[in-house]
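>>> coordinates only, sequence not included:
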């Protein structure tokens, strides 16, 4: 049985109706469909349904059964979340500015080492939101665009 790369738990892979693979816990659970429900379930047919999965919440028979997406229970799920980046324009794309705007400074991308411009706004976002500043090319490469 496949294992989660982060926590080592057993998982199964299902495909949603759109063809997207989704790792799920291997235990089939009953669900009660609830519009806007906080939990999600993936059915064997690939439907992703907002629901509740706690027994006894409803006095009616369960609406069906499905699998809980593993990311909702994995203790290390944060390792797989895409982290945002602050993009710094590359000097090779915008050229050497003369004069350089007063709130910009020359720096290098911490990933590829290319020469970039870092603005005051970029520094503020890095400080306040804890994101990493990288050149535009590296940000696009990480985002798989």
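Yep, that arrived. This structure is a prediction, so every number in the text was calculated from the model and none was measured.

>>> domains of the chain?
12-79, 85-142 (automatic domain parsing).

>>> sketch out the low-pLDDT regions of the protein for me.
Across the chain, the ranges flagged by pLDDT under 70 are 55-59, 79-82, 142-145.

>>> helices of that one, residue ranges please.
Taking DSSP state H to define them, one finds helices in the chain at 91-94, 120-129, 136-142.

>>> summarise which helices and strands the longest one is packed against.
Pointing back at helix 120-129 there. strand 85-88, strand 132-135 (3 or more C-beta pairs under 8 Å, 6 or more residues apart in numbering; DSSP states H and E). (Glycine included, C-beta is placed from N, CA and C.)

>>> go again with 7 Å.
In this structure, helix 120-129 packs against strand 85-88, with contacts taken as 3 or more C-beta pairs under 7 Å, 6 or more residues apart in numbering; DSSP states H and E.

>>> what's the offset of stretch 69-78 from the middle of its chain?
Offset of stretch 69-78 from its chain centre (C-alpha atoms, centre = their mean, to the nearest Å): 11 Å.

>>> and what of stretch 73-86?
6 Å.
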